[in-house]
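In: my questions concern the predicted model and sequence given below.
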Amino acid sequence: MIRKMFVSVVLGTVALVPAMALAAAPEFMSPQWASELCTAWNQNSILTTKLAGDWIKNNGHKGYKVMEISDSSLKSLPPVQLEIAPKDGKAECIYGGAVKVTDLNYNYDYKMWATTHDWYHMGSPMMAMMFGRLNFKGPKMEAMENMGPFSEFLKLVKETPATLPAS
């Protein structure tokens, strides 16, 4: 009897762990989620190394690039931003959160938006932009030259744990 109770308690606890982890995830496209996306960026060697050259240097002499992202399905949520800067020979995310820079310069900053469904099913950035799944403002030639790393960024958007707000 005690063994059965112990097994029930252990199994019940194990069953709660995924639910607790899911409940702890921040809301998709929230400032907290953007902070976690920033951390994930810094853990991705393709983003930090492949964008450490000309891409990160094209920042308007302000020392960082802004990437504003939003979900067009979630109109009540404001966009979030990442700031990417050169640091120790890498392109590192130095900020992820609520919008701080409101005057973007599309010669070096980026603005991207898509529906929730499209963020989670993006695939190739080239195809996503061609078919209108990913809307984009920014230096188009620079983006075209960096499709490999940009593809990694799109993977991070869907892989960073998040809860989806009720529609």
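Out: That came through fine.

In: when you work out contacts or count neighbours from here on, use the C-alpha atoms and nothing else.
Out: Will do.

In: below-threshold pLDDT in the chain: ranges please.
Out: 1-23, 123-132, 166-167 (pLDDT under 70).

In: so where do the strands sit in it?
Out: Defined through DSSP state E, the strands belonging to the chain, from first to last, are 65-71, 80-87, 90-98, 110-114, 135-137.

In: next, format these as TSV and append distance to residue 48.
Out: Shown next, in TSV, are the strands of the chain (distance: least, C-alpha to C-alpha, whole Å):
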stretch	distance to residue 48
strand 65-71	13
strand 80-87	9
strand 90-98	5
strand 110-114	17
strand 135-137	21
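
In: quick one: which of those strands is nearest residue 43?
Out: Smallest distance to residue 43 across the strands of the chain (C-alpha to C-alpha): 9.3 Å, for strand 90-98.

In: partner strands of the closest one, parallel or antiparallel?
Out: Sheet partners assigned to strand 90-98 using DSSP bridges are listed as strand 80-87 (antiparallel).

In: so what's the gap between the partner strand and the chain middle?
Out: Shown here is strand 80-87, whose average C-alpha point lies 11 Å from the average C-alpha point of the whole chain (C-alpha atoms, centre = their mean, to the nearest Å).

In: can you pull the buried residues of it?
Out: Taking 16 or more other C-alpha atoms under 10 Å as the neighbour-count basis, strand 80-87 is seen to contain the buried residues 80, 81, 82, 83, 84, 85, 86.

In: what's opposite the nearest residue to residue 100 once chain neighbours are set aside in the beta bridge?
Out: Nearest in space to residue 100, with sequence neighbours left out and distances taken as C-alpha to C-alpha, 6 or more residues apart in numbering, is residue 81 at 7.4 Å. Here residue 81 sits in beta bridges with residue 68, residue 97, as judged by DSSP bridges.

In: surely residue 81 and residue 94 touch.
Out: No - taking contacts as C-alpha atoms under 8 Å, residue 81 lies outside contact range of residue 94: 10.7 Å.

In: on that earlier part again, what is the most widely separated pair among the buried residues of strand 80-87?
Out: In those, the most distant members under the criterion C-alpha to C-alpha are 80 and 86, with 20.5 Å between them.
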